[in-house]
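Asker: kindly generate the corresponding structure for this input.
(one chain, ligands or ions: 1)
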Amino acid sequence: MDFVGSHIISVDQFDRGDIDRLFEVADALAPFARRERITRVLQGAILSNMFFEPSTRTRVSFGCAFNLLGGDVRETTEVKSSALAKGESLHDTARVLSGYSDVIVMRHPEEGSVAEFATASRVPVINGGDGANEHPSQALLDLYTVRRELRARGRAIDGFRIAVVGDLRFGRAVHSLLKLLALFDQVTVHLVSPPGLETPDDVVAVLQDGGHAVEVYHDLGAGIHHVDILYVTRTQEERFASPEEADRYRGLFRVNQAIYTENCEPNTVIMHPLPRDSRAQAQELDDDLNTNPNLAIFRQTDNGVVVRMALFAMVLDVVDQVQDHARPVTWYTAKRTPSG
Ligand code: NCD
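Answerer: Below you'll find the predicted structure:
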């Protein structure tokens with residue numbers, strides 16, 4: 001695809017070459033994300049960061065990514081503080097905001113809403129998550145993390161094995177990631193969920209059509225054997241009819257160090273899009289994994305910044321100008337050692 005000026009709505013837009021190019025740009029931008037150098041390449045540009053659903057890391061990392069390229073960020077975080085609360089249509093909001101900004105990131109609870117918004121926008125729109133449908137930038141940073149973690153262990157993405165655990169029905173991060181994995185060769189995917197929270201058929205079909213091995217499990221221990229990556233997700237309680245319905249599933253598939261040691265290979269990498277549920281009896285990933293060097297969840301969040309910087313640089317066509325606007329950082333910067 002041509003990234004320049006494009007909306008980024010779904011991972012369906014990408015082929016493998018697109019991913020390789022994006023990750024090359026992300027690698028080149030890493031010194032800027034690590035605060036070794038700064039660049040003002042997007043000085044004067046404005047991002048409208050519109051989050052109509054709760055968000056910490058997606059919202060803040062998109063904002064930081066834009067700031068790190070020198071641009072300014074305008075943020076709206078609630079429907080009730082925007083004119084959508086007065087009955088304004090997505091169409092009109094898009095027409096208005098695209099007059100104020102150079103690019104828009106939007107998260108919204110309804111499936112398809114960001115695509116609808118984009119049709120009325122005069123500037124590129126990036127999907128920050130639309131209901132249970134898709135979360136393309138999360139899938140890109142997840143894949144970037146998978147690639148880095150596997151490389152660090154002497155492996156490639158082609159032929160790798162992943163177990164995806166938890167709420168596979170409503171988890172949009174999982175839906176986008178699984179579709180993206182289908183672009184690679186001979187991936188083995190274990191889909192591990194409680195009965196009732198299985199992956200939608202259309203997502204499974206993308207993997208099967210790509211010739212990948214897909215195995216469905218309802219038993220946690222069995223499902224996480226013989227994999228390189230263990231990707232755990234939260235019960236998406238906001239997508240259930242009631243909190244009581246979500247409670248039926250909460251805490252069913254909890255991974256802790258003992259379960260990991262018993263079932264996983266010694267080097268299995270643990271990932272999670274976060275947030276993880278910290279409530280007692282609910283934790284999908286127990287705190288006792290925090291000292292496990294294979295816990296990659298905070299390396300994963302760090303990667304979110306650099307991948308989102310790459311998206312902005314490509315969509316706004318400044319990849320070749322980044323270095324022209326660069327200089328060393330002059331303030332105190334904390335040492336950024338790889339974290340767990
Ligand atoms: C995910 C999301 O919002 O879909 N979080 C995120 O963006 N990192 C996953 C989740 O909320 O469970």
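Asker: leaving out chain neighbours, which residue sits closest to residue 123?
Answerer: Distance criterion CB to CB, 6 or more residues apart in numbering; nearest residue to residue 123, sequence neighbours excluded, is residue 98 at 4.5 Å. Just so you know, the C-beta spots here come from the backbone N, C-alpha and C atoms, and that holds for glycine as well.
Asker: tell me the pLDDT of that neighbour.
Answerer: pLDDT for residue 98: 95.
Asker: gap between it and the ligand?
Answerer: 24 Å (CB to the nearest ligand atom, to the nearest Å).
Asker: I figured that residue hits residue 124, correct?
Answerer: No: with contact defined as CB atoms under 8 Å, residue 98 does not count as touching residue 124 (9.2 Å).
Asker: which parts of the stretch 51-200 of the chain are helices?
Answerer: For the stretch 51-200 of the chain, the helices defined by DSSP state H, counting those that start in this stretch occupy 57-68, 90-100, 113-120, 136-152, 172-181.
Asker: burial of residue 238, as a residue count?
Answerer: For residue 238, the tally of surrounding residues (other CB atoms under 10 Å) stands at 13.
Asker: one more: residue 97?
Answerer: Using other CB under 10 Å, the number of residues around residue 97 comes to 23.
Asker: ditto for residue 171
Answerer: 25.
Asker: next one: residue 231
Answerer: Neighbours around residue 231, by other CB under 10 Å: 28.
Asker: the helix or strand it falls within - contacts with which helices or strands?
Answerer: Using DSSP states H and E, the element containing residue 231 is strand 229-232. Counting contacts by 3 or more CB pairs under 8 Å, 6 or more residues apart in numbering; DSSP states H and E, strand 229-232 is packed against helix 136-152, strand 161-165, strand 269-271.
Asker: contacts only, for residue 198.
Answerer: By CB atoms under 8 Å, 6 or more residues apart in numbering, residue 198 lies in contact with 168, 169, 191, 216.
Asker: including distance to the ligand, could those residues go into a markdown table?
Answerer: Formatted as a markdown table, the contacts of residue 198 follow (distance: CB to the nearest ligand atom, whole Å):
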| residue | distance to the ligand |
| --- | --- |
| 168 | 12 |
| 169 | 12 |
| 191 | 17 |
| 216 | 21 |
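Asker: how near is the residue in the stretch 51-200 of the chain that the ligand sits nearest to to residue 161?
Answerer: When distances are taken as CB to the nearest ligand atom, the stretch 51-200 of the chain reaches nearest to the ligand at residue 58, 4.2 Å away. Using CB to CB, to the nearest Å, one gets 27 Å for the distance from residue 58 to residue 161.
Asker: about what we covered before: pick out whichever of the contacts of residue 198 sits closest to residue 88.
Answerer: residue 169 (31.4 Å; CB to CB).
Asker: number of nearby residues for the nearest residue to that closest one once chain neighbours are set aside?
Answerer: Closest residue in space to residue 169, ignoring its immediate chain neighbours: residue 197 at 4.4 Å, by CB to CB, 6+ apart. The local packing of residue 197 (other CB under 10 Å) involves 21 other residues.
Asker: count residues in the vicinity of residue 247, would you?
Answerer: 14.
Asker: do residue 303 as well
Answerer: By other CB under 10 Å, neighbour count at residue 303 equals 25.
Asker: pick out the residue nearest the middle of this protein.
Answerer: residue 138 (1.0 Å; CA atoms, centre = their mean).
Asker: tell me the contacts of it?
Answerer: 58, 129, 172, 173, 176, 177, 273, 304.
Asker: now for the residue of the stretch 51-200 of the chain closest to the ligand: which residues touch it?
Answerer: Residue 58 touches 51, 107, 128, 129, 135, 137, 138, 304, counting by CB under 8 Å, 6+ apart.
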